[in-house]
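>>> Coordinates for the following, if possible.
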Amino acid sequence: MSITSSSPLPRSAGAAGATALRWAGRLWFAVAGVGQAAFIAFILAFYGVRTATGNFAGWNDKPLIDGYIKGDGPGNTVFAAHVLLASVVTLGGLMQLVPVLRRKWPRLHRWTGRTYLSLAVFMALSGVWLAVVRGTYLSVVSAVAILINGLLILVFAGLAWRHAVKRRFDRHRLWALRTFMVVSGVWFLRVGIMGWIVVNRGPVGMTDRMSGPVDIVLTFGSYLIPLAVLELYGAAERSAGGLSKALVAALVGLASAFTAAGVFGTIAFMWLPYV
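Numbers count the residues shown, from 1 in each chain. Just a heads-up that it's a prediction; the model follows:
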């Protein structure tokens with residue numbers, strides 16, 4: 001049955017679905033904004049303070065990966081740049097997604113975008129260098145995930161830049177959002193780990209070396225799952241059906257709840273104890 005202009009009920013349902021979808025997106029962004037702001041604060045309080053005071057060995061106060069290796073000047077330099085610039089690229093990504101900044105300060109939006117995409121490329125290349133050359137990874141699986149994530153960042157950032165230069169702003173927006181999701185992979189991984197632990201009240205399916213089945217899913221899912229949800233959100237936005245919009249709104253609502261649990265767990269158990 002086709003939907004025409006004389007069908008008020010489907011139109012009403014479509015409008016309600018569109019409203020639900022829009023508010024679900026805003027809810028997720030608000031939760032993510034809090035979590036990424038906390039991520040920036042942690043980077044500055046932990047790595048920033050230690051770096052500024054010359055306590056480079058203190059990078060290792062947080063377990064799992066050794067950031068400082070004695071005698072490895074190039075590796076330590078790349079690690080410091082990679083970690084500290086993560087705070088800048090995270091802030092830049094959040095700023096790019098705030099509509100009021102795009103409308104009122106378009107020049108700021110453009111220069112922030114250029115800086116963000118440039119740093120995204122650096123983060124991808126430095127992350128791959130740290131994994132492949134320096135061996136800064138927990139397992140072969142995590143190293144492969146880093147390589148794939150880095151490749152996606154390079155491709156997506158390149159396409160976002162190209163469409164902006166060509167003034168194809170609808171396509172630019174799409175690829176910029178995709179870039180945001182893959183650049184945020186490190187943050188998503190931490191939030192995913194702690195969200196799973198909080199929801200399950202323990203590290204079910206996880207190991208200390210992140211080699212358990214859940215670890216593997218989250219390692220790759222830290223950027224593939226957000227990308228999938230983003231694609232569903234975009235498809236629902238373009239859809240005329242109210243049901244599809246409502247279903248995706250419900251999915252994004254669940255994602256917001258899981259993200260909130262992960263943000264709480266990450267702040268309480270992964271970051272605050274080391275600040």
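
>>> For the top helix by length along the chain, which residues meet the burial criterion?
Assignment by DSSP state H gives helix 8-43 as the longest helix of the chain. Using 16 or more other Cβ atoms under 10 Å as the test for burial, helix 8-43 gives 10, 13-14, 17-18, 20-21, 24-25, 27-29, 31-32, 35-36, 38-40, 42-43. All C-beta atoms are positioned from the backbone trio N, CA, C, and that covers glycine.

>>> what's the following helix or strand after that helix?
helix 49-52 (DSSP states H and E).

>>> coming back round to it: helices or strands up against the longest helix of the chain?
helix 73-96, helix 185-200, helix 213-238, helix 242-265 (3 or more Cβ pairs under 8 Å, 6 or more residues apart in numbering; DSSP states H and E).

>>> So which residue is smack in the middle of the chain?
Nearest to the geometric centre of the chain sits residue 184, at 2.1 Å (Cα atoms, centre = their mean).

>>> Can you check the pLDDT for that one?
Note on residue 184: pLDDT of 97.

>>> And for it, nearest residue in space, chain neighbours not counted?
What sits nearest to residue 184 in space, not counting adjacent residues and going by Cβ to Cβ, 6 or more residues apart in numbering, is residue 93, at 6.7 Å.

>>> re the thing from before, nearest to residue 163, of the helices and strands packed on helix 8-43?
For the helices and strands packed on helix 8-43, the distance to residue 163 is smallest for helix 73-96, at 14.0 Å, taking Cβ to Cβ.

>>> What lies in contact with that closest one?
Residues from elsewhere that reach helix 73-96, judged by Cβ atoms under 8 Å, 6 or more residues apart in numbering: 33, 36-37, 39-40, 43-44, 47-48, 51, 56, 59, 67-69, 101-102, 108-109, 112-113, 115-116, 119-120, 122-123, 126-127, 129-130, 133-134, 136, 176, 180, 183-184, 186-187.

>>> Averaged pLDDT, the helix or strand just after it. What do you get?
Using DSSP H and E, the helix or strand that follows helix 73-96 in sequence is helix 99-104. Mean pLDDT, computed over helix 99-104, is 89.

>>> pLDDT score assigned to residue 66?
Confidence score, pLDDT, at residue 66: 81.

>>> helix or strand for it, which one?
Counting by DSSP H and E, there is no helix or strand that carries residue 66.

>>> again, but for residue 63
Counting by DSSP H and E, residue 63 is part of no helix or strand.

>>> count of neighbours near it?
8 (other Cβ atoms under 10 Å).

>>> Equivalent analysis for the one 3 residues further on, please.
Residues within reach of residue 66, counting by other Cβ under 10 Å, total 16.

>>> One more: residue 159?
17.

>>> Looks like it contacts residue 173 (just checking).
No: Residue 159 is beyond contact range of residue 173, at 11.6 Å (criterion: Cβ atoms under 8 Å).

>>> any residues in contact with both of those two?
Counting by Cβ under 8 Å, 6+ apart, nothing touches both residue 159 and residue 173.

>>> export the helices and strands packed on helix 8-43 to JSON lines and tack on mean neighbour count and distance to residue 207?
JSON lines is the format used below for the helices and strands packed on helix 8-43 (neighbours: other Cβ atoms under 10 Å; distance: least, Cβ to Cβ, whole Å):
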{"stretch": "helix 73-96", "mean neighbour count": "18", "distance to residue 207": "24"}
{"stretch": "helix 185-200", "mean neighbour count": "22", "distance to residue 207": "12"}
{"stretch": "helix 213-238", "mean neighbour count": "18", "distance to residue 207": "6"}
{"stretch": "helix 242-265", "mean neighbour count": "19", "distance to residue 207": "18"}
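
>>> Among the ones you listed, which comes closest to residue 271?
Counting by Cβ to Cβ, residue 271 lies closest to helix 185-200 out of the helices and strands packed on helix 8-43; the figure is 8.6 Å.

>>> by contact count, what packs against the closest one?
helix 8-43, helix 213-238, helix 242-265.

>>> what's the angle between the last one and helix 213-238?
Read it as helix 242-265. Relative orientation of helix 242-265 and helix 213-238, computed by axes from the mean of the first three to the mean of the last three Cα atoms, to 10 degrees: 140 degrees.
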